[in-house]
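Peer 1: everything below, folded, please.
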Amino acid sequence: MSDLSSRRAAILTFIRKRVTEQGQPPSLAEIAEAGGLASRGAARKHVLALAEAGLIEVASGQARGIRPAGLRTRTSLLQVPVLGRVAAGPPIGADAGLLDTLTLDARLFATRPDYLLRVQGDSMIGDGILDGDLVGVRRTPEARDGQVVVARLEGELTIKRLARGKGGIRLLPRNPAYAPIEVRRGQDFAIEGVFCGLVRRG
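Peer 2: Numbers count the residues shown, from 1 in each chain. I've put the predicted structure just below:
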């Protein structure tokens, strides 16, 4: 990294940190914001330079297809069950029945998913999660502030960004058309897992 400019080194550090801490590569817009760049185009130039240096990998045609090089040393295939739907919008009733099993390239995900859920709604479009996407979920009851999580609230599932604060827990959409969900004291609430990547089928 010593041959990199300070800005490119900072962008590389941001990409690595985002993948390891949130389980999701950043978008060009997020890289531009983090790096103090004026536009996505400027961010793309730095990303391509890092890719040419062999420090990151850029997958064409993928949402958030930027990954640190060597995150996985070889291609492997995963058998991942599809377990129904999750709401990107108001929570919907949980549907955990096995619908399908897909064989997927492990490189699609920042960490290995335990299952996939089909997204219904558009409340997470700011994070590149669209209606109809299959989101990979790593099963865990714990998540850090700022991670995208699948949460169960009063028996219904939703995918949102987790926010922990003095006032309690909020589930944040990434679309201004939706209001945050306030988790009230005494509500039946649990984190089912954390987002670790997605599959978009044409």
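Peer 1: how does this protein divide into domains?
Peer 2: Domain assignment of the chain by automatic domain parsing yields the ranges 6-68, 77-199.
Peer 1: let's have those domains in TSV, adding mean pLDDT.
Peer 2: Putting those into TSV (pLDDT from 0 to 100) gives the following:
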stretch	mean pLDDT
domain 6-68	83
domain 77-199	88
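Peer 1: export the ones you listed to TSV and append columns for mean neighbour count.
Peer 2: The way it works is simple: take the backbone N, C-alpha and C, and place the C-beta from them, glycine included. Output for those, formatted as TSV (neighbours: other C-beta atoms under 10 Å):
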stretch	mean neighbour count
domain 6-68	17
domain 77-199	17
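Peer 1: quick one: list the elements packing against the helix ranked longest in the chain.
Peer 2: The residue-count maximum for a helix in the chain (DSSP state H) belongs to helix 6-22. In terms of contacts (3 or more C-beta pairs under 8 Å, 6 or more residues apart in numbering; DSSP states H and E), helix 6-22 is packed against helix 28-35, helix 40-52, strand 66-68.
Peer 1: can you pull out the strands in the chain?
Peer 2: 56-58, 66-68, 77-87, 92-93, 100-105, 115-120, 134-139, 148-153, 156-165, 168-172, 181-183, 189-199 (DSSP state E).
Peer 1: so which of the ones you listed is nearest Arg16?
Peer 2: Among the strands of the chain, the nearest to Arg16 by C-beta to C-beta is strand 66-68 (4.9 Å).
Peer 1: residues making contact with the closest one?
Peer 2: 12, 15-16, 19, 25-26, 31, 47, 55-59, 107, 110 (C-beta atoms under 8 Å, 6 or more residues apart in numbering).
Peer 1: now do 6 Å
Peer 2: The list of residues contacting strand 66-68 from outside it, by C-beta atoms under 6 Å, 6 or more residues apart in numbering, reads 16, 25, 56-58.
Peer 1: do the same with stretch 185-194
Peer 2: Against stretch 185-194 from outside (C-beta under 6 Å, 6+ apart): 23, 137-141, 143, 147, 149-154, 183.
Peer 1: then stretch 34-45?
Peer 2: 11, 14, 28-29, 31-32.
Peer 1: does Gly65 really touch Ala59, like I thought?
Peer 2: Yes - shown here, Gly65 and Ala59 form a contact pair, counting by C-beta atoms under 6 Å, at 3.5 Å.
Peer 1: just to revisit the earlier point, now distance to Thr101 too, for the helices and strands packed on helix 6-22, in a markdown table please.
Peer 2: Converted to a markdown table, the helices and strands packed on helix 6-22 look like this (distance: least, C-beta to C-beta, whole Å):
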| stretch | distance to Thr101 |
| --- | --- |
| helix 28-35 | 32 |
| helix 40-52 | 33 |
| strand 66-68 | 24 |
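Peer 1: show me the contacts for Thr103.
Peer 2: Thr103 sits next to 77, 79 when contact means C-beta under 6 Å, 6+ apart.
Peer 1: please apply the same query to Arg161.
Peer 2: Residues counted as contacts of Arg161 (C-beta under 6 Å, 6+ apart) are 148, 172.
Peer 1: before we move on, what about Gly89?
Peer 2: Listed by C-beta under 6 Å, 6+ apart, the contact partners of Gly89 are 121, 123.
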